[in-house]
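Asker: Curious how this folds, go ahead:
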Amino acid sequence: MVDETPRLNLNVYELGDTTWDHTDTVEALDEHAVEAGSIRDRPEEGQYDDELYAAIDQRMLWRWDATEGDWEPFGGLGTDDEPVPGTAHFESVQTKQRNNVFVAQTADGLQDAIDSAADNAWSARRGAVILRPHENYNLTDEVILRSNVTLFGNGACLCATTDANLIYAEPRTSISGPLELDTSAVNGYSSTALLLDGDRANTHYRLRTRDVVTVTGPVRLHGGAGDGTGLKLHTTDNGYITHCHFDLMIRGYETQVHCETPGGFANSNIINIEAVPVDTDHIFLHTGSNEAKLICFGHIQCGNANEIFVNETSEKSFKFWGHMEDSHWVEGNVVRGDKINVRSESGINISYQEWDLGTGTTVNNIGVDEADQEEPSNGEWNAGNIVDFTDTGDGSGDGIYLKHLDGSWIQID
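Answerer: This is a model prediction of the structure:
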């Protein structure tokens, strides 16, 4: 009886056998041998399903998928310029990468990956942490995104399982979407999905141009039935936030965006936002005591919100320019407070919506003012503002006024 090889079952030659045939050996060798060369020399098509090709210059192994009719990455290490798709050179999250890039394989390893990237980074050499594509990371503790680290979402979801902040972003960090922050599974959630907190930062959120926080989207903050806070920006008396940019979709928080900034904002802080309330108290709430200089663009679905824009201070608050939909469903004030600037091409009807327009607040460039004098106060309004003014004295100054470029008032009605 002719013996066979243990793996491919090839016939083994026996002494004196005059009929031994090499055909099965040659065919097996042709099918199973791994051809090696440069990626440029890889055949356009494979001849067998599961045929392998080793691209030496890429340090990668490719497999021919006959069903898909294409080569697929099968293994290897890759290079700095051409990593294996969907991986970071197939090394573990604990291993330092030559380009300081780490993959967070699990929720438990996410903070370790961030710490490893941060420990080997500085302002001129940033680190990066990559989430696995479309993976759910069930988190039990707050994730601290440390300075000089960028988090790449790749469509993954960070899911809260306890009542804790999802991400606290230190200065000099960035988040690149698509990424979802989901807190909806925690009943009575009272924390914050994405937090910038000057109380916890050892530096301001900007000392130099690069000391900023940027969120490039889309990054989706998904809350439950009106619990907790979506995005919170907080500073100390001496801290401040400036030049921060956010691209967000926010849904279902008690407060979608909360600015508590006694230290103030400076220069341009821009939020591109799509907000959808679910039993929401506020879309934008500002409770700081200093200038905000916060600029918001985007689309707001106003239904089921108690109030949209609220400024509880007397200092300059923020601007919103965009689209407001279904603002007539708002239970309370669409705008409440001083020095808020809202411009919307639709969804605005002062005649039947509730408004509490404080001093310096304008909606589509129209404001309201009253004083015991003949015309509006000069210092609270900008050129081009139209003010519906009430003279609380003898009433002789009642009317609608346009502020001229030279600072004077022109009564137009």
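
Asker: C-alpha only now, for contacts and for neighbours.
Answerer: Fine.

Asker: for this protein, what spans make up the helices?
Answerer: Defined through DSSP state H, the helices belonging to the chain, from first to last, are 23-32, 110-119.

Asker: Give me whichever of those helices is most buried.
Answerer: For the helices of the chain, the largest average neighbour count (mean count of other Cα atoms under 10 Å) is found in helix 110-119, namely a mean of 22.

Asker: Other residues contacting it?
Answerer: Outside helix 110-119, the residues within contact range by Cα atoms under 8 Å, 6 or more residues apart in numbering are 93-94, 96, 100-104, 126-129, 143-149.

Asker: mind listing what the spatially closest residue to residue 222 that is not a sequence neighbour touches?
Answerer: The spatially closest residue to residue 222, leaving aside those adjacent along the chain, is residue 182, at 4.7 Å (Cα to Cα, 6 or more residues apart in numbering). By Cα under 8 Å, 6+ apart, residue 182 lies in contact with 157-160, 193, 221-223.

Asker: Show me the domain layout of the protein.
Answerer: Using automatic domain parsing, the domain parsing of the chain gives 89-359, 365-413.

Asker: Which stretch among the ones you listed is buried most, on average?
Answerer: Across those, the average number of neighbours (mean count of other Cα under 10 Å) peaks for domain 89-359, which reaches a mean of 21.

Asker: What mean pLDDT does stretch 44-56 get?
Answerer: Model confidence over stretch 44-56 averages 87 on the pLDDT scale.

Asker: mind listing the strands in the stretch 301-413 of the chain by residue range?
Answerer: 305-311, 318-325, 335-337, 341-344, 355-357, 362-363, 366-371, 386-391, 399-403, 409-411 (DSSP state E, counting those that start in this stretch).

Asker: packing partners for the third one?
Answerer: Translated: strand 335-337. Helices and strands in packing contact with strand 335-337 are listed as strand 305-311, strand 355-357; criterion 3 or more Cα pairs under 8 Å, 6 or more residues apart in numbering; DSSP states H and E.

Asker: Kindly calculate the angle that the first one makes with strand 318-325.
Answerer: Using axes from the mean of the first three to the mean of the last three Cα atoms, to 10 degrees, one finds that strand 305-311 and strand 318-325 are set 160 degrees apart in direction.

Asker: center of this protein - which residue?
Answerer: residue 219 (3.3 Å; Cα atoms, centre = their mean).

Asker: Quickly list what that one is bridged to.
Answerer: On the basis of DSSP bridges, residue 219 takes part in beta bridges with residue 179, residue 248.

Asker: got any ranges where the stretch 1-150 of the chain has weak pLDDT?
Answerer: In the predicted model, the stretch 1-150 of the chain carries pLDDT under 70 at residues 1-2, 6-9, 13, 76-98, 122-124.

Asker: circling back: any chance of the strands of the stretch 301-413 of the chain in CSV with mean pLDDT as columns?
Answerer: What follows is those, written out as CSV (pLDDT from 0 to 100):
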stretch, mean pLDDT
strand 305-311, 84
strand 318-325, 81
strand 335-337, 84
strand 341-344, 84
strand 355-357, 77
strand 362-363, 84
strand 366-371, 87
strand 386-391, 90
strand 399-403, 92
strand 409-411, 92
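
Asker: out of those strands, nearest to residue 73?
Answerer: Proximity to residue 73 (Cα to Cα) singles out strand 318-325 among the strands of the stretch 301-413 of the chain, at 44.4 Å.

Asker: strands paired with that closest one, and their directions?
Answerer: Applying DSSP bridges, strand 318-325 is found paired with strand 294-301 (parallel), strand 341-344 (parallel).

Asker: Would you reformat the ones you listed as a markdown table and include distance to residue 405?
Answerer: Output for these, formatted as a markdown table (distance: least, Cα to Cα, whole Å):
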| stretch | distance to residue 405 |
| --- | --- |
| strand 294-301 | 23 |
| strand 341-344 | 18 |
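
Asker: For residue 327, find the nearest of the ones you listed.
Answerer: Comparing the strands paired with strand 318-325 against residue 327 with Cα to Cα, the closest turns out to be strand 294-301 (7.7 Å).

Asker: Tell me the gap between stretch 39-50 and the middle of its chain.
Answerer: Computed by Cα atoms, centre = their mean, to the nearest Å, the chain-centroid distance of stretch 39-50 equals 40 Å.

Asker: and what of stretch 134-146?
Answerer: Taking the mean of its C-alpha atoms, stretch 134-146 sits 14 Å from the chain's own mean (Cα atoms, centre = their mean).

Asker: Spell out the residue ranges of the strands in the stretch 101-250 of the chain.
Answerer: If DSSP E, counting those that start in this stretch is used as the criterion, the strands of the stretch 101-250 of the chain fall at 101-104, 127-131, 136-139, 143-145, 149-152, 156-160, 167-169, 173-176, 179-182, 192-197, 213-222, 229-234, 241-242, 245-251.

Asker: residue contacts, residue 151?
Answerer: Taking Cα under 8 Å, 6+ apart, we find residue 151 in contact with 128-131, 145, 174-176.

Asker: hmm, 7 Å instead?
Answerer: Applying Cα atoms under 7 Å, 6 or more residues apart in numbering to residue 151 gives the contacts 128-130, 174-176.

Asker: now residue 246
Answerer: Neighbouring residues of residue 246 by Cα under 7 Å, 6+ apart: 214-216, 270-272.

Asker: got a list of what residue 163 touches?
Answerer: Contact partners of residue 163, counting by Cα under 7 Å, 6+ apart, are 186, 189-191.

Asker: The strands of the stretch 301-413 of the chain: which one's closest to residue 247?
Answerer: Relative to residue 247, the nearest member of the strands of the stretch 301-413 of the chain by Cα to Cα is strand 318-325, separated by 13.9 Å.

Asker: circling back to that earlier point, same list, the strands of the stretch 301-413 of the chain, but as a markdown table with distance to residue 231 please.
Answerer: Shown next, in a markdown table, are the strands of the stretch 301-413 of the chain (distance: least, Cα to Cα, whole Å):
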| stretch | distance to residue 231 |
| --- | --- |
| strand 305-311 | 15 |
| strand 318-325 | 15 |
| strand 335-337 | 19 |
| strand 341-344 | 20 |
| strand 355-357 | 24 |
| strand 362-363 | 24 |
| strand 366-371 | 28 |
| strand 386-391 | 33 |
| strand 399-403 | 36 |
| strand 409-411 | 40 |
